[in-house]
Each structure stands twice: as C-alpha cells, then as structure tokens.
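Chemist: This is a predicted model, with the sequence first.
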Amino acid sequence: MATTLLRTNLNEQVYETLRERVLRRRPGPGEKLSLHELARELGVSRSPVHHALTRLVSEGLVTVKARRGYYVTPVTPAMVGDAYDVRLALELHAAERSVGSVDPARLERFRLLLEESERAHTEEEWDTANAAFHAFQVDLAGNDVLSRVYGEMPVNLIVQVIRDGRLAGGDGLAREHRAIVEAFEAGDLPAARQAIRTHIASGLAIVLDVIERAGGVL
C-alpha cells in the first residue's frame, strides 16, 4: 500500500520515513534501495528521495556504491568492533584532556546526566539519556573537532538498528556511568580510563550478542 505524504516540509518527511524503515530493517541489511521505486511509492519526485538517501549515507545507515545505487548498510560484528574501537580511542583522549581540570559546575551537570540515565525506564529514554551523557563526557575536553567527530560516530545508530526490543543491559550500563562520573569528580585519570574501557567493553558485548543471536548480521 502506497504511503501518502503531506506537501509540507517534504524533504524532512521523506527522510524520516526512509530512516524509520532502514532502522527497522525494512528492507533488510544489504538490500538495494531504488530511488525510482521509492519516489513512486511515496508519491514524490526523485529529488526529496535523493536528498533523504544522501543524509542516510552520511549517517552510515545507507551505503552508496558507484554506478550501482544505494544499499541498506549491514550491521556486522566487524563493523561494530571497528566503531567501538574508535569510540574508545576518542573517549580516552577526551578523558586525558579533561580529567582533573573540569570545573564544579560542569561536574555537577555531568552527575545530573548520570542520574537521568539511571532513571530511564524505556528504550527511548535510555537512548536519549545515554547519548546526552556521552556527548557531554567528550565535550568536557573542550575540543569542538573532537566533539563533532564523536557526534558523527555510527555507534548510537547501530544501537538503534539492533534495538527493536532485543537489546537489554541498560541498568548495568547506567551503573557504569556512575564509575565514570566518580572518577572525573576525583580527578583520577587511571580510574577514568578503566571505567571507560569497562563501559565500552560492556556495550560492545551486548551488541555482539544481539547480532550473533540474529544470525550474524542485522
């Protein structure tokens, strides 16, 4: 059944529609996305569809292959491992630049973000609180380029792809946030490094378990 879209903010509507489909793996990993067929189905020109697919490519959800078109990016153990390796490197660098030099007001804000993650009861609440916590953690380094690169990492989107009711472990991950904050508050860089490594290893293990149970790719 064709989807009918209102003619206001068309680019954004098409983007949100296609993003939701890709996140829900409809179509599935590795499958081709036909610009022409999507435009016909949504009742729009090719331009907003092309605009949406380009945004999804920049987010890592879609892959473009020269002279072949657009494809849903598969989430594989190798992709996840690479993403978490880079995330670890960026968070450790940010900690080295900030632990011991964060002012009390920002430490207070960091603790508030921790508490928000501990209060999260739904997957959506956890996703929002967790993303805010880690973005702020990296922002503490005061390096705009580092923050931008970290914000463009595909890890959060990977989690959204595999979520769909299958990802557990939020409570344990939130408790690990506390160890990170306490290390920052104490100005203890070795403890911060260890807490970050533990936390990222926990998240990676959860994601890899979900992928394995799904057959090795999502």
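Modeler: Great, that's in hand. Numbering: from 1, shown residues only.
Chemist: C-alpha from now on. contacts and neighbour counts both.
Modeler: Fine.
Chemist: now for the helix or strand bottoming out on mean pLDDT in the chain, which elements pack on it?
Modeler: The helix or strand of the chain with the poorest confidence is helix 155-163; it has a mean of 71 (mean pLDDT, DSSP states H and E). Contacts defined by 3 or more Cα pairs under 8 Å, 6 or more residues apart in numbering; DSSP states H and E place helix 155-163 against helix 10-23, helix 77-98, helix 123-139, helix 189-213.
Chemist: Name the residues that touch the second one?
Modeler: Where contact means Cα atoms under 8 Å, 6 or more residues apart in numbering, the residues beyond helix 77-98 that reach it are 137-142, 146, 150, 153-155, 158, 189, 192-193, 196-197, 200, 204, 207-208, 211, 216-217.
Chemist: Can you select the buried ones among those for me in ChimeraX?
Modeler: Buried members of these, identified by 16 or more other Cα atoms under 10 Å, are gathered into one ChimeraX selection as follows:
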select :137,138,139,140,141,146,150,153,154,155,158,189,192,193,196,197,200,204,207,208,211,217
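Chemist: Domain ranges for the chain, per the record?
Modeler: Using automatic domain parsing, the domains assigned to the chain come out as 10-72, 77-213.
Chemist: what about the last one, start to end distance?
Modeler: So that's domain 77-213. Terminal residues of domain 77-213 are spaced 12 Å apart (Cα to Cα, to the nearest Å).
Chemist: again with stretch 111-128
Modeler: Span of stretch 111-128 from end to end, Cα to Cα: 16 Å.
Chemist: Could you give the average pLDDT over that stretch?
Modeler: Stretch 111-128 shows a mean pLDDT of 89.
Chemist: Quick check: buried residues in that stretch?
Modeler: By neighbour count on 16+ other Cα under 10 Å, the buried set for stretch 111-128 is 111, 113-118, 120, 123, 126-127.
Chemist: Output those residues as TSV; include the columns distance to Glu59 and secondary structure.
Modeler: Below are the buried residues of stretch 111-128 laid out as TSV (distance: Cα to Cα, whole Å; DSSP: H, G, I helix; E, B strand; the rest coil):
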residue	distance to Glu59	secondary structure
Arg111	29	helix
Leu113	25	helix
Leu114	26	helix
Glu115	29	helix
Glu116	26	helix
Ser117	24	helix
Glu118	28	helix
Ala120	25	coil
Glu123	21	helix
Trp126	20	helix
Asp127	17	helix
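Chemist: which pair in these spans the largest distance?
Modeler: Using Cα to Cα, the buried residues of stretch 111-128 span at most 20.7 Å, a distance reached by Arg111 and Glu123.
Chemist: where's whatever helix or strand Leu112 lives in relative to the chain centroid, distance-wise?
Modeler: Leu112 belongs to helix 104-119 when assigned by DSSP states H and E. Remark: helix 104-119 is offset 20 Å from the chain centroid, using Cα atoms, centre = their mean, to the nearest Å.
Chemist: Against which helices or strands is that helix packed?
Modeler: Helix 104-119 packs on helix 123-139, helix 170-186, going by 3+ Cα pairs under 8 Å, 6+ apart.
Chemist: what inclination does it have with respect to helix 123-139?
Modeler: Taking axes from the mean of the first three to the mean of the last three Cα atoms, to 10 degrees, one finds helix 104-119 and helix 123-139 inclined to each other by 160 degrees.
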